[in-house]
Every structure is written in C-alpha cells, then in structure tokens.
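**Q** here are the coordinates; sequence isn't available:
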Ligand SMILES: O=P(O)(O)OC[C@H]1O[C@](O)(CO)[C@@H](O)[C@@H]1O
C-alpha cells in the first residue's frame, strides 16, 4: 500500500500537465465527516493556494462544487465503505475528472471500486493514534500543502505525529476516575450539550451526534464556543449539562470566554482540557491540529462509563442499519 505522501506525490505528477491541484474536497458522513475537520481547518489556515471544502456526502452529490474537475482532489471516508451517498460522491468525483482518495476500514467494500487510491487506518482498542483516520486525513492535507507550496512547520508537524500516541494513552488513564464520576452525575440527564471551537470542533460534533444522540439516545447539540453568546447562552442554568472541550492553541481564548460565563451562571460543566491532558508537549506552531485526536480518543473512556451506568450499550440502535432511510 502506498503512503499518503506517495499518493499525494503521484496525484500531483499525474495532474501536473492539466494545471495542477488547486481544490481539495473532503467528503463523508457522520463520524467520518467529523474526522475530516482538522484537515479542513489545517488547509483553511495554512494554505495560500489551495481552496479546501468539507462536505456531507449527501450535500456534495446534490450540489457539486463548480470547481470539481481535474484540478481538484477528492478525499472520501467511510468506515465500512458502504454508505451510499459517500459511494456516489466518489463516483461523481471521478466522473468529473478528479482523482479520488478513499479512507476506509473495509478494503473490499463497494466504496473502493470508485476510488483511485485506497488507504486504510488503525482502529479499535490499542490502535496507533498516529495511524487513525483523522491523522491520515490530516496527513493528506499536510502533504498536499508541503508538496505544492511548502509548509514551513512540516517538521514540527511530523514531530507532533510521533508524540500523539503517547499523549493520548496517558490522557486516557488520567481521566478514568473522572469519567466514572461523569457517568454517575449525568446518567439520568435527557440532554447534554457539547461546546468547542477551532480545528477540533469536529470531535465535539462527533460526540454530540454519534455518541450522545446515536449511541445513547440523549438529546444534544454541538455549540461553537464563539457562537455561544449569540443565542445558546440563553439556556444556561444550574441544571443544564455541558461537556466543554477546551482546546490548546489559537482558539483557546474563544473557549475560555464561553467557559468563564458558564462557570459564573451554570453549574454542571464537565471540562476536558487539552492543556491539562498533556497536549502542550507538541510545538505551538502545529498544536491546534492535534486536539481532535486527543479529545476523540479520550471521550470513549467517558462513553464506556456512561453506557455502563445507563445500561445502554453503545451498539444499541433503533433505526440505523435496521430500516430503510
Ligand atoms: O460511512 P461510515 O464511515 O461507515 O459511517 C457510517 C455511520 O457511522 C457513523 O459515523 C457512526 O456510527 C454514523 O454517523 C454513520 O452513519
């Protein structure tokens, strides 16, 4: 299997005499969509010449970007490789002349037949965090930048990749006790909001839609901490629970402003703080992009405890994969 670095190099070579790569589109659903958030945030912030888009697959196939063509690269992700709208997205991207990279766990799925390049990733207990879906997607963004216009913090980024596994597993151990307390405190709540900002917003979004709503049937919404004062803060009271994701990096002040308000007027706030969980050993030049992997792998410690306390296994579904939709 080619590395992401080799895939990007191959694509840039093949598209060179067609005008090169100018657009990067990340397309997926649910947890896979959320996993693309750091890659999108990275290119938005770091690139001068590449235009990036992040799309839900259903939206993408019904409203294709006008620039979709041979100057675009499309990266799709589907864990099982059988989400119909993501398969269709890969098919349409290819028909429009864009090289397609597919990230998937199931290497012989329907999705892979519509991809030019297929990349698997690590998954499950004891996985290497540096090889997980989010990191592979992020690497595609980093390599696209490095191999087109150059990325001044490339070495810092690779250094971060080499550190993230150890940071995550230490953090998981660190939160074990408080995850149990969280589960006891919130097991009977009907709603839990998540709050976040920056490149790791997708981790809080995933926690809301794929865990609290999908896997625990708890009402939830993911609130951007910068948007908190523009509507959501009106529901703040002593009873409403918030899972607050406090990132390390450029958008931390945005989180802190919302958190300061919540501490004053709210009471039931579970703070997951990347700084306290040891992310700061990664260079400040690139730290923003590693928050997602930290949060997204620490939350399962909370989620397992919550599922146990509620006697609602994380695998329970009412509709998903059971009825037509
Ligand atoms: O296309 P994928 O990644 O297999 O996703 C399938 C499902 O898995 C989830 O990401 C999590 O269960 C859902 O949101 C989604 O519908």
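**A** Sure, I can see it. On a predicted model such as this, the values are computed, not experimentally measured, just so you know.

**Q** would stretch 215-226 count as contacting the ligand?
**A** No - Stretch 215-226 lies apart from the ligand when judged by CB under 6 Å from any ligand atom; the minimum separation is 7.3 Å. Bear in mind the C-beta positions are built from the backbone N, C-alpha and C, glycine included.

**Q** start to end distance for that stretch?
**A** Distance between the two ends of stretch 215-226: 27 Å, counting by CA to CA, to the nearest Å.

**Q** and if you look at stretch 185-202?
**A** OK, stretch 185-202 end separation, CA to CA: 25 Å.

**Q** now do the buried residues in it.
**A** 186-187, 189, 192-202 (16 or more other CB atoms under 10 Å).

**Q** same question, stretch 30-45
**A** In stretch 30-45, counting by 16+ other CB under 10 Å, buried: 30-43.

**Q** which one is residue 278 nearest to, not counting chain neighbours?
**A** In space, and not counting its chain neighbours, residue 278 is closest to residue 167: 5.2 Å by CB to CB, 6 or more residues apart in numbering.

**Q** report the two of the buried residues of stretch 185-202 separated the most.
**A** Maximum pairwise distance in these, criterion CB to CB, is 31.0 Å, between 187 and 199.

**Q** next structured bit after the helix ranked longest in the chain?
**A** The longest helix of the chain (DSSP state H) is helix 154-186. Next in sequence after helix 154-186, counting helices and strands by DSSP states H and E, comes strand 193-196.

**Q** contact partners of that following strand?
**A** Applying CB atoms under 8 Å, 6 or more residues apart in numbering, the external contacts of strand 193-196 come out as 203-205, 207-208, 212, 220-225, 228, 232, 240-245, 247, 255, 258-259, 262, 295.

**Q** which helix or strand contains residue 272?
**A** If you go by DSSP H and E, residue 272 is part of strand 269-273.

**Q** residue 238 too?
**A** With DSSP H and E as criterion, residue 238 is part of no helix or strand.

**Q** so what's it up against?
**A** Per CB under 8 Å, 6+ apart, neighbours of residue 238: 266-268.

**Q** may I see those residues organised as TSV, with neighbour count added?
**A** Formatted as TSV, those follow (neighbours: other CB atoms under 10 Å):
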residue	neighbour count
266	19
267	13
268	15
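
**Q** residue contacts, residue 235?
**A** So residue 235 contacts nothing (CB under 8 Å, 6+ apart).

**Q** could you tell me the per-residue confidence at it?
**A** Listed pLDDT for residue 235 reads 98.

**Q** how about the one 3 residues further on?
**A** Looking at residue 238, its pLDDT is 97.

**Q** what distance do you get for it to the ligand?
**A** 32 Å (CB to the nearest ligand atom, to the nearest Å).

**Q** separation between that residue and residue 181?
**A** Between residue 238 and residue 181 the computed distance is 18 Å (CB to CB, to the nearest Å).

**Q** kindly report the same for residue 256.
**A** Distance of residue 256 to residue 181, computed by CB to CB: 23 Å.

**Q** what residues does the stretch 1-150 of the chain put near the ligand?
**A** Checking the stretch 1-150 of the chain against the ligand by CB under 6 Å from any ligand atom, the hits are 29-32, 78-80, 83, 86.

**Q** for the ligand, what's the nearest residue on the chain?
**A** residue 30 (1.9 Å; CB to the nearest ligand atom).

**Q** not counting residues beside it along the chain, what's closest to that residue?
**A** residue 210 (5.8 Å).

**Q** was I right about that neighbour contacting residue 32?
**A** No - Residue 210 lies out of contact with residue 32 (CB atoms under 8 Å); the separation is 9.9 Å.

**Q** where along this structure do the strands fall?
**A** 23-28, 51-56, 72-78, 100-104, 117-119, 193-196, 222-224, 242-246, 269-273 (DSSP state E).

**Q** let's have those strands in CSV, adding distance to residue 282.
**A** Rendered in CSV, the data for those read as follows (distance: least, CB to CB, whole Å):
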stretch, distance to residue 282
strand 23-28, 23
strand 51-56, 22
strand 72-78, 24
strand 100-104, 23
strand 117-119, 23
strand 193-196, 18
strand 222-224, 23
strand 242-246, 16
strand 269-273, 15
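
**Q** output those in a markdown table, with mean pLDDT appended to each entry.
**A** Formatted as a markdown table, those follow (pLDDT from 0 to 100):
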| stretch | mean pLDDT |
| --- | --- |
| strand 23-28 | 99 |
| strand 51-56 | 98 |
| strand 72-78 | 98 |
| strand 100-104 | 98 |
| strand 117-119 | 97 |
| strand 193-196 | 98 |
| strand 222-224 | 98 |
| strand 242-246 | 98 |
| strand 269-273 | 98 |
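
**Q** do you know which of those lies nearest residue 325?
**A** Of all the strands of the chain, strand 51-56 comes closest under CB to CB, at 14.6 Å.

**Q** now find how far off-centre that closest one is within its chain.
**A** The chain centre lies 13 Å from the centre of strand 51-56; the measure is CA atoms, centre = their mean, to the nearest Å.
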